[in-house]
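Undergrad: structure for the following, please:
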Amino acid sequence: MIITPDDQERVDAIEAALLARWPETRIAPTTERIAALVDILGSPQLTYPTIHVGGTNGKTSTSRMIDSLLFAHGLRTGRFTSPHLESYRERIAINGQPIDPKELIFAYNDIAAYLDLMDTKFENPISFFEAVTALGFVAFAEHPVDVAVIEVGMGGEWDATNVVDADISVLMPIGFDHMEYLGNSLHEIAATKAGIIKAGGFIVLAQQEPEAAKELIRKAAEVGADVVREGIEYSITSRAVAVGGQLITIKGLHDTYDDIFLPLHGKHQASNAASALAAVEAFFGDQPLDIEAVRAGFADVTSPGRCEVVHRDPTIILDAAHNPHGAAALADTVANEFNFDEVVAVVGVFADKDAEGILQALEPIVDHVIITQSASDRAMASGELEKIASKIFGKDRVFEINNFHTALDRAVADATRPLSEDTIGIIVTGSVVTVGQARTYLRRKFAQ
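TA: Numbering: from 1, shown residues only. Below you'll find the predicted structure:
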């Protein structure tokens with residue numbers, strides 16, 4: 001996609017206007033403002049069917065898989081995900097691609113006056129996330145799309161996306177994250193995330209901890225929603241590591257789909273694929289899906305920043321794991337699907353995250369760790385993170401480099417050993433911002 005300088009200038013100006021609103025980190029748990037906003041916009045989110053994807057881990061990858069499967073079956077698709085890695089246009093995708101700048105500008109011009117009007121109606125203004133969510137809803141209605149795949153931002157019950165009337169709701173594995181808003185037990189967190197379960201809806205339930213599963217199934221029974229569960233009504237029946245990804249067989253709701261190449265690493269991605277397939281089967285009804293479209297849809301899946309290999313020699317893997325559950329999945333994948341003699345990790349974490357849990361999950365597979373911090377104002381100071389890392393790894397395995405780009409350069413230099421036959425892998429992880437910044441910097445570095 002070629003973007004003219006004028007369009008880029010306008011896209012940047014829109015971003016600046018959106019960022020001047022309440023940031024994503026500031027939450028007032030209510031759908032009151034977004035409900036009033038979409039109402040005055042004519043409820044664009046109700047003009048197309050939706051698949052709503054919630055949970056804690058795997059939401060974005062699963063949303064991208066659902067999108068790709070639907071597109072492979074001939075539908076015009078809209079996909080809303082968050083946060084973004086490099087450009088906010090990634091959040092609003094049409095037919096699998098970030099929204100065209102001209103379509104973004106058109107949609108924003110449609111809603112800008114209404115955003116300002118809503119600011120005068122409530123004690124708190126429309127937030128960045130609420131504004132971008134409304135922007136996505138409007139863009140999908142104007143395109144128009146045949147179906148939208150909408151990822152929950154945080155929680156579920158009071159998330160801005162929860163003004164959709166979803167045909168299918170998908171709940172990915174629930175773990176500990178955003179506890180300051182969602183609660184300190186899996187039961188409390190699951191109760192909030194169960195808020196996307198609608199009366200008479202159809203629920204795809206990925207593998208859950210028993211405490212979370214109990215709450216989700218209770219809510220589904222309470223509102224009369226149909227539930228299909230990973231490992232019971234649908235499952236991965238075989239999985240083999242392959243060059244560039246894995247070969248999987250999925251027992252779906254209506255058929256068994258074999259010889260599927262998934263160009264993503266990790267058994268967690270296979271599980272995500274099973275949930276994505278079940279959601280698409282449910283969307284289309286009682287007939288099995290076309291196997292060739294299923295294979296094509298999965299073969300085209302990308303999930304940037306999710307165990308993504310961005311360079312070879314040395315191998316550099318970017319993974320946006322920002323909680324212990326995500327870090328454990330990354331560690332399992334690196335241990336079982338890559339043959340590194342040594343692993344260097346570059347880690348930058350947000351101050352409000354469980355840094356200790358993340359580092360403990362990584363410790364068994366990492367030989368030494370370079371502690372740093374991203375440019376985000378939410379980043380934990382590298383000095384503070386270094387103290388936590390030293391307790392877990394020991395001081396001799398930990399290096400602190402405050403400057404993020406210098407930290408990446410050091411990792412690449414450490415992993416480049418012309419006289420050695422050892423295979424060195426670099427993993428960059430800890431937050432979405434860390435990985436997004438790394439992606440941008442490394443693309444430039446290796447283009448030289």
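
Undergrad: break the chain into its domains for me.
TA: In terms of domains, the chain is parsed into 5-299, 308-447 (source: automatic domain parsing).

Undergrad: can I get these in JSON lines with mean neighbour count and mean pLDDT?
TA: Any C-beta I mention is one placed from the backbone N, CA and C, and that applies to glycine too. Shown next, in JSON lines, are these (neighbours: other C-beta atoms under 10 Å; pLDDT from 0 to 100):
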{"stretch": "domain 5-299", "mean neighbour count": "20", "mean pLDDT": "94"}
{"stretch": "domain 308-447", "mean neighbour count": "19", "mean pLDDT": "95"}
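
Undergrad: all strands of the stretch 301-448 of the chain, in order?
TA: 308-311, 315-319, 342-347, 368-371, 398-400, 424-429 (DSSP state E, counting those that start in this stretch).

Undergrad: direction included, what does the fourth one pair up with?
TA: Read it as strand 368-371. strand 342-347 (parallel), strand 398-400 (parallel) (DSSP bridges).

Undergrad: if we ignore the residues flanking it in sequence, what's nearest Arg306?
TA: For Arg306, ignoring the flanking residues on the chain, the nearest one in space by C-beta to C-beta, 6 or more residues apart in numbering is Ser61 at 5.2 Å.

Undergrad: to which secondary structure element is that neighbour assigned?
TA: Using DSSP states H and E, Ser61 falls within helix 59-72.

Undergrad: that helix - contacts with which helices or strands?
TA: strand 50-54, strand 77-80, strand 147-151, helix 267-284, helix 291-299 (3 or more C-beta pairs under 8 Å, 6 or more residues apart in numbering; DSSP states H and E).

Undergrad: before we move on, back to that, who are the contact partners of the residue nearest to Arg306?
TA: Leu264, Gln269, Asn272, Ser303, Arg306 (C-beta atoms under 8 Å, 6 or more residues apart in numbering).

Undergrad: and the angle for the helix holding Ser61 with helix 267-284?
TA: Here the directions of helix 59-72 and helix 267-284 differ by 50 degrees (axes from the mean of the first three to the mean of the last three C-alpha atoms, to 10 degrees).

Undergrad: from the chain's centroid, how far away is helix 59-72?
TA: 11 Å (C-alpha atoms, centre = their mean, to the nearest Å).

Undergrad: put the alpha carbons of stretch 291-301 into CSV.
TA: C-alpha atoms of stretch 291-301 as CSV (Å, rounded to 0.1, in the frame of the first residue of the first chain):
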residue,chain,number,x,y,z
ILE,A,291,-11.3,-28.2,3.6
GLU,A,292,-9.4,-26.4,0.9
ALA,A,293,-10.6,-23.0,2.1
VAL,A,294,-9.7,-24.0,5.7
ARG,A,295,-6.1,-25.0,4.6
ALA,A,296,-5.8,-21.8,2.5
GLY,A,297,-7.1,-19.7,5.4
PHE,A,298,-4.7,-21.1,7.9
ALA,A,299,-1.7,-21.1,5.5
ASP,A,300,-2.2,-17.3,5.1
VAL,A,301,-2.3,-16.5,8.8
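
Undergrad: surely Thr429 and Val347 touch.
TA: Yes. The criterion here is C-beta atoms under 8 Å, and Thr429 meets it with Val347 at 5.9 Å.

Undergrad: quick check: neighbours shared by the two?
TA: Ile358, Leu362.

Undergrad: quick one, phi psi at the residue lying closest to Met172 once chain neighbours are set aside?
TA: For Met172, ignoring the flanking residues on the chain, the nearest one in space by C-beta to C-beta, 6+ apart is Gly55 at 3.0 Å. Phi and psi for Gly55, reported as degrees, to the nearest 10, are phi 110, psi -160.

Undergrad: what's the answer for Val243, then?
TA: Here Val243 shows phi and psi, under degrees, to the nearest 10, equal to phi -60, psi 120.

Undergrad: roughly how far does it sit from Arg443?
TA: 23 Å (C-beta to C-beta, to the nearest Å).

Undergrad: likewise Val228?
TA: 40 Å.

Undergrad: same check, this time on Arg312
TA: Applying C-beta to C-beta to Arg312 and Arg443 gives a distance of 14 Å.

Undergrad: likewise for Ala194?
TA: 40 Å.

Undergrad: in contact with the residue nearest to Met172, which residues?
TA: Contacts here follow C-beta under 8 Å, 6+ apart; on that basis Gly55 touches Val152, Val170, Leu171, Met172, Pro173, Ile174, Lys193, Ala206.

Undergrad: so which of these is the closest to Glu32?
TA: Val152 (17.5 Å; C-beta to C-beta).

Undergrad: please enumerate the strands of the stretch 151-300 of the chain.
TA: Counting by DSSP E, counting those that start in this stretch, the strands of the stretch 151-300 of the chain are 168-171, 202-205, 226-229, 235-242, 245-251, 256-262.

Undergrad: by contact count, what packs against the first one?
TA: Secondary structure elements in contact with strand 168-171, counted by 3+ C-beta pairs under 8 Å, 6+ apart, are strand 50-54, strand 202-205, helix 267-284.

Undergrad: which other residues reach the first one?
TA: Right, the one you point to is strand 50-54. In contact with strand 50-54 (C-beta under 8 Å, 6+ apart) are residues 59, 62-63, 66, 147-152, 156, 159, 161-162, 164-172, 193, 196, 279, 283.

Undergrad: before we move on, the earlier item: dump the contacts of Gly55 into TSV; add distance to Leu75 as well.
TA: Converted to TSV, the contacts of Gly55 look like this (distance: C-beta to C-beta, whole Å):
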residue	distance to Leu75
Val152	22
Val170	17
Leu171	23
Met172	22
Pro173	27
Ile174	29
Lys193	27
Ala206	23
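
Undergrad: and the strands paired with strand 368-371 as TSV, adding distance to Arg10?
TA: Below are the strands paired with strand 368-371 laid out as TSV (distance: least, C-beta to C-beta, whole Å):
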stretch	distance to Arg10
strand 342-347	35
strand 398-400	41
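
Undergrad: for Leu37, which of those is the nearest?
TA: Closest to Leu37 of the strands paired with strand 368-371, according to C-beta to C-beta: strand 342-347, at 38.1 Å.

Undergrad: that closest one versus strand 424-429: what angle between them?
TA: 20 degrees.
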